[in-house]
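**Q** output the structure for:
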Amino acid sequence: MYATTTDLPVRPAPNETTRAAQQDAMLNPRFYTTDFAALDALHITPENRQMWDDILAEFRRDPNKDHFKRNAEFDADFSGMDPELRAQFIEFLVSSVTAEFSGCILYAEIKKRITNPDVRELFGFMSRDEGRHAGFINHTLNDFNVAVDLSFLTRAKKYTYFQPKFIYYATYLSEKIGYARYVTIFRNFERNPDKRFHPIFKWFENWCLDEFRHGEAFAVLMRSNPELLAGRNRWWIRFFLLAVFCTMYVRDHARRPFFEAMGIDVDDYDRRVIALTNLISRQVFPDTMDTDSPVFWALMDRMWRTTDAMRRAEAAGGAFAGVKVALLKAANVLTFARLFFHRPVTQALPADVRVQPVW
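**A** All right, here's what the predicted structure looks like:
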């Protein structure tokens, strides 16, 4: 006799945090799939072989193997945290855990689907690190009884197809900007320890070095496959630089109270992080943004203010809300186009691909 649907085990409904992580909103991290055969065809050129071998040796040593372990500070009572700060802290952690877990899933799938020994080993290490990061963040969410159901997310979240070159550009930038974000927050708390409202921030210094190392591997990969950095791909690179910078700028400004609670001026923070990431990117990208230009920052600020007006229009509703939102979206497209065509900084690529953490 066949089992009926009532005989099947009933899974508990996902909590609100998991449902938020599942959504594919414009600024939310996504899950990806790609062309695995194209990844398998990547190669490391002889002139970059020593740098590549050095990076892989660092991954094998696993400097942060014992870093992501909690201590007694995590047992503190955080029930008295300001409700608005708690909500924005949780939103920050959910966005982070989704991004880290997204990488873990994609990199594990790449390792499973390819045979190229260089690339396969790299993505195995990347999946290990991202899974470790995601688990550490999710444990903190569990302290607030809002942990993300990562197994549910794996099954339920939509997967977006990304061309391999888009994976390279986006991953490189997300890792380098992650480094810049984490180290800037960590240094802020060194200067203002009284503003450190949760112990997880103490882990950011070593954590950011994982992000930096990941970016270094992708820099060598792209420099070893120079077609990724030439021709029309230079336009794609500029697009991804702006997409990553604009997403961060808009999302951070929407969380202004969260940054204020850390004693951070969000305008200064975003300018520092974006300028640092842009500078690091010159190791591999022939064109970068002109972050010294006042026009660049004026347009970034316009992007945020238009997005904020769009959110307020959606929240207010009314007969003409849809029209207003559509016009604001069009305005943001125009602003992005102006940023895209703002003269970039062009430089010759350095002979030595690798760079060192600046702080």
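**Q** all helices for the stretch 201-350 of the chain, in order.
**A** In order along the chain, the stretch 201-350 of the chain carries the following helices (DSSP state H, counting those that start in this stretch): 204-224, 233-254, 256-261, 266-280, 294-316, 321-341.
**Q** how much space between the nearest residue to Pro63 once chain neighbours are set aside and Ala319?
**A** Beyond its immediate neighbours in the sequence, the residue positioned closest to Pro63 (C-beta to C-beta, 6 or more residues apart in numbering) is Leu209, lying 7.1 Å away. Glycine gets a C-beta too; all of them are placed from N, C-alpha and C. Going from Leu209 to Ala319 by C-beta to C-beta, to the nearest Å gives 53 Å.
**Q** over to Ala351?
**A** Relative to Ala319, Ala351 is positioned 62 Å away (C-beta to C-beta).
**Q** quick one, phi/psi of Ile44?
**A** Dihedral angles of Ile44 (phi, psi; degrees, to the nearest 10) stand at phi -110, psi 120.
**Q** so the protein: which segments form each domain?
**A** When the chain is parsed into structural domains using automatic domain parsing, the resulting residue ranges are 14-64+80-289, 292-347.
**Q** of all those, which one comes closest to Phe74?
**A** Taking C-beta to C-beta as the criterion, Phe74 comes closest to domain 14-64+80-289 out of the domains of the chain, the separation being 5.8 Å.
**Q** pretty sure Glu205 is touching Ile185, no?
**A** No - counting by C-beta atoms under 8 Å, no contact exists between Glu205 and Ile185, whose distance comes to 9.7 Å.
**Q** circling back: ok, Leu209 and Ala319, which is more surrounded?
**A** When neighbours are counted by other C-beta atoms under 10 Å, Leu209 comes out ahead of the other of Leu209 and Ala319, with 17 against 6.
**Q** any regions of this structure where pLDDT drops low?
**A** Screening the chain residue by residue with the criterion pLDDT under 70, one finds the ranges 1-30, 152-157, 358-359.
**Q** in space, not sequence, find me the middle residue of it.
**A** The centre of the chain sits closest to Ser174, judged by C-alpha atoms, centre = their mean, with a distance of 4.2 Å.
**Q** list the contacts for that residue?
**A** Under the criterion of C-beta atoms under 8 Å, 6 or more residues apart in numbering, the neighbours of Ser174 are Ala99, Val244.
**Q** Thr140 too?
**A** If you count contacts by C-beta under 8 Å, 6+ apart, Thr140 has them with Phe74, Leu93, His198, Ile200.
**Q** Lys65 and Arg128, how far apart?
**A** Taking C-beta to C-beta as the measure, Lys65 falls 10 Å from Arg128.
**Q** could you do Arg113 as well?
**A** Taking C-beta to C-beta as the measure, Arg113 falls 17 Å from Arg128.
**Q** so the helix ranked longest in the chain versus helix 233-254, what angle?
**A** In the chain, ranked by residue count with DSSP state H as the criterion, the top helix is helix 83-113. In this structure, helix 83-113 runs at an angle of 150 degrees to helix 233-254, with axes from the mean of the first three to the mean of the last three C-alpha atoms, to 10 degrees as the basis.
**Q** would you mark the buried spots in the helix or strand following helix 83-113?
**A** Note on helix 83-113: by DSSP states H and E, the next helix or strand toward the C-terminus is helix 117-143. Counting neighbours by 16 or more other C-beta atoms under 10 Å, one finds that the buried residues in helix 117-143 are 118-120, 122-134, 136-138, 140-141.
**Q** now swap in stretch 327-342 and tell me
**A** Applying a neighbour-count criterion of 16+ other C-beta under 10 Å, one finds Leu328, Ala331, Asn332, Thr335, Phe336, Leu339, Phe340 buried in stretch 327-342.
**Q** swap in stretch 49-64?
**A** Met51, Trp52, Ile55, Leu56, Phe59, Asn64.
**Q** the third one against Val220, yeah?
**A** So that's Ile55. Yes - Ile55 is within contact range of Val220, at 6.5 Å (criterion: C-beta under 8 Å).
**Q** now do the shared contacts for those two.
**A** When C-beta under 8 Å, 6+ apart defines a contact, the residues bordering Ile55 and Val220 alike are Arg354.
**Q** phi and psi next, for Phe74.
**A** With angles defined as degrees, to the nearest 10, Phe74 shows backbone torsions of phi -70, psi -10.
**Q** typed the wrong thing, it's Tyr159
**A** Per-residue torsions, Tyr159: phi -110, psi 130 (degrees, to the nearest 10).
**Q** quick one, what contacts it?
**A** Contacts of Tyr159 were listed using C-beta under 8 Å, 6+ apart, and they are Phe31, Tyr32, Thr33.
**Q** go again with 10 Å.
**A** Contacts were defined as C-beta atoms under 10 Å, 6 or more residues apart in numbering; by that measure Tyr159 touches Asp24, Arg30, Phe31, Tyr32, Thr33, Thr34, Ser102, Ile105, Leu106, Glu109.
**Q** tell me who's in contact with Glu175.
**A** Glu175 neighbours (C-beta under 10 Å, 6+ apart): 103, 126, 130, 208, 210-219, 277.
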